[in-house]
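1. fold the following and give me the result.
(chains A, B, C and D)
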Number of protein chains: 2
Amino acid sequence: MPNSVEMLTRKLDSIADLTSEDRQSLSNLPLRIVELNPDQDFARSEDVPRECCLVLEGFMHRYQNLANGTRQILAFHIPGDIPDLQSLILDVMDHNLAALVRCKVGIVSHASLHEMMRKSPGIAQAFWRYTLIEAAIFRERITSVGRRSAHDRLAHLLCETFTRLRAVGLTAEDACWLPFTQTQLSDALGLSPVHVNRTLMQLRAEGTFELGKSRLTIHDWKGLVEAAQFDPAYLHLRRPASE
Amino acid sequence: MPNSVEMLTRKLDSIADLTSEDRQSLSNLPLRIVELNPDQDFARSEDVPRECCLVLEGFMHRYQNLANGTRQILAFHIPGDIPDLQSLILDVMDHNLAALVRCKVGIVSHASLHEMMRKSPGIAQAFWRYTLIEAAIFRERITSVGRRSAHDRLAHLLCETFTRLRAVGLTAEDACWLPFTQTQLSDALGLSPVHVNRTLMQLRAEGTFELGKSRLTIHDWKGLVEAAQFDPAYLHLRRPASE
DNA sequence: CGCGCTATTGAGAGAGCTCAATGTGCGTGG
DNA sequence: CCACGCACATTGAGCTCTCTCAATAGCGCG
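-> Residues are numbered from 1 along each chain as shown, chains lettered A, B, ... in the order given. Alright, predicted model coming up:
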């Protein structure tokens, strides 16, 4: 397992060009390591955070609860992500951030992040870029939820997640750890858990991939990508997702 | 009608604290004024723009076409917006940008924007903030499309749009120019045009507002806000939207 | 005065939902 | 090492929002 900040460096490396000074600054970033339990909130709507959270191990998610009792998961976050980076600039939270499974995070003060950005404009730029890519992912989710069938939505989200994990070196050749429950998937995709279940079974029957036991296994990446109409361009990775 | 850059200054003023130097820089920004026809594309997916577009009059929209022949409108843009500000940092477009109706835009080169940000860090920060608020709007759209009924989705979008227009001074007391067609609304909200029509009629019957003849008229803002569960916090306006 | 775009209405269909029950795997306590 | 509890996955059955297809109406413009 890479050391703490290494995960962040990998992430930024996947989307921006860092100088060796930038990398140096990153490695000096003071982190406080903390473990979060499944579903434990790290920040809530209306909070005014003074620190950010870097995912080191495990998955997190951002979500919103609605008055009608439903909930929408806005994003899943993987190691290397800073899910609340925006709080550096947008002082008050407009949604919630929580762990998805037990996970390890590094806490960094806004002060030290601002300090680092002042010293390394390259990092400031990389951070801005990071938030813009996040926005691109949101846009793609809008398209999914708005216009894609449950079948395609699911396939698309899994393509995206696998690609993001691969970009930070967290996949094997054709599989990865992916502990999303069907209920979580349904809240992310605007579906009911029951329908996610049935759709997942259909996809399984089609043979392009399999999701179960907290593990995603790709049997036919090409086929999956095609079925999902997945074009990784919106992830703006420096090294385009190979095949 | 305010002069060209004035519209942008108003916009940034609504979301950030500008110094008088910042304002000065803005007023010196070299703009090339251009008129766009309805539906005319300004930038397309995969383009690598070298300039940005500031909306001066009229409305624009960003969209994506899907292989199944449908289309998703990702965002509507109003005067004061720079819909492709992200292209400053994310070189290649991952969606399309077009006029919604005949409109007037100011074209600014990336070079002059970068120059301005270098000179006025306050503006750079305001721009970052602008893109983050845009992302917050995307998140809210995900929630709408994922978990709100057609009725609430429509009401919510209209609340949002009215609030944004008010923030840059483009509303009368209780009405504004809003030339969205029902088809455009349907593409933005993940609905069919027919259903938008029926839902709009239902809303009209409820009496909180009326949309027709390119004009939105609010009869009962409180009621509308409540029906839509609209909380303007995510727009991060400096001056909270008064009722 | 007729074309073309947008809005409206009717009718039938379907993707996805809800409610409710059953199965399955796993961690904990005895 | 087994039994229980609990969370998650699976299945069945009926229902409803929202969709599609198709026709009609209204309106602005050349």
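2. quick one: the helices in chain A?
-> For chain A, the helices defined by DSSP state H cover A:4-15, A:20-27, A:110-119, A:121-147, A:150-167, A:182-189, A:193-206, A:221-228.
3. looking at the ones you listed, which is nearest to DNA strand C?
-> helix A:193-206 (2.9 Å; Cβ to the nearest atom of the strand). No exception for glycine: its C-beta is placed from N, CA and C like everyone else's.
4. is the closest one in proximity to chain B?
-> No: Helix A:193-206 does not reach chain B (Cβ under 8 Å from any Cβ of the partner chain); its nearest approach is 12.8 Å.
5. give the buried residues for that helix.
-> A:196, A:199, A:200, A:203 (16 or more other Cβ atoms under 10 Å in any protein chain shown).
6. report all helices and strands that it contacts.
-> helix A:150-167, helix A:182-189, strand A:209-212 (3 or more Cβ pairs under 8 Å, 6 or more residues apart in numbering or on different chains; DSSP states H and E).
7. if you set the cut-off to 6 Å instead, what comes out?
-> helix A:150-167, helix A:182-189 (3 or more Cβ pairs under 6 Å, 6 or more residues apart in numbering or on different chains; DSSP states H and E).
8. centre of the chain versus the last one, how much separation?
-> Okay, so that is helix A:182-189. Averaged C-alpha coordinates place helix A:182-189 at 15 Å from its chain's average position (Cα atoms, centre = their mean, to the nearest Å).
9. kindly report the same for the longest one.
-> Centroid displacement of helix A:150-167 relative to its chain, using Cα atoms, centre = their mean, is 11 Å.
10. does it reach DNA strand C?
-> Yes: using Cβ under 7 Å from any atom of the strand, helix A:150-167 comes into contact with DNA strand C via A:150, A:151.
11. can you mark which positions in that helix are buried?
-> Buried residues in helix A:150-167 (16+ other Cβ under 10 Å): A:150-167.
12. again, but for the shortest one
-> For helix A:182-189, burial by neighbour count (16+ other Cβ under 10 Å) applies to A:182, A:184, A:185, A:186, A:187, A:188, A:189.
13. nearest to residue B:123 among these?
-> residue A:188 (35.5 Å; Cβ to Cβ).
14. which residues touch that closest one?
-> residue A:73 (Cβ atoms under 6 Å, 6 or more residues apart in numbering or on different chains).
15. go on, residue A:13?
-> For residue A:13, no contacting residues are found, by Cβ under 6 Å, 6+ apart.
16. and for residue A:214?
-> By Cβ under 6 Å, 6+ apart, the contact list for residue A:214 reads residue A:179.
17. and it, how far is that from residue A:180?
-> Relative to residue A:180, residue A:214 is positioned 8 Å away (Cβ to Cβ, to the nearest Å).
18. mean confidence score for stretch A:50-62?
-> Across stretch A:50-62, pLDDT averages out at 97.
19. how about residue A:223: what's its closest non-neighbour residue?
-> Counting by Cβ to Cβ, 6 or more residues apart in numbering or on different chains, residue A:223 lies nearest to residue A:208, which is 4.5 Å off, once chain neighbours are set aside.
20. close to chain B: what parts of chain A are there?
-> By the rule Cβ under 6 Å from any Cβ of the partner chain, the part of chain A lying against chain B is A:64, A:66-67, A:70, A:72, A:74, A:86, A:89-90, A:94, A:128-129, A:132, A:135-136, A:138-139, A:141-143, A:145-147, A:190, A:229, A:233-234, A:236.
21. shaky segments in chain A?
-> Applying pLDDT under 70 to chain A flags residues A:1-3, A:240-243.
22. who in it is up against DNA strand D?
-> Counting by Cβ under 7 Å from any atom of the strand, chain A sits next to DNA strand D at A:181, A:182, A:183, A:193, A:194, A:197, A:198, A:200, A:201, A:212.
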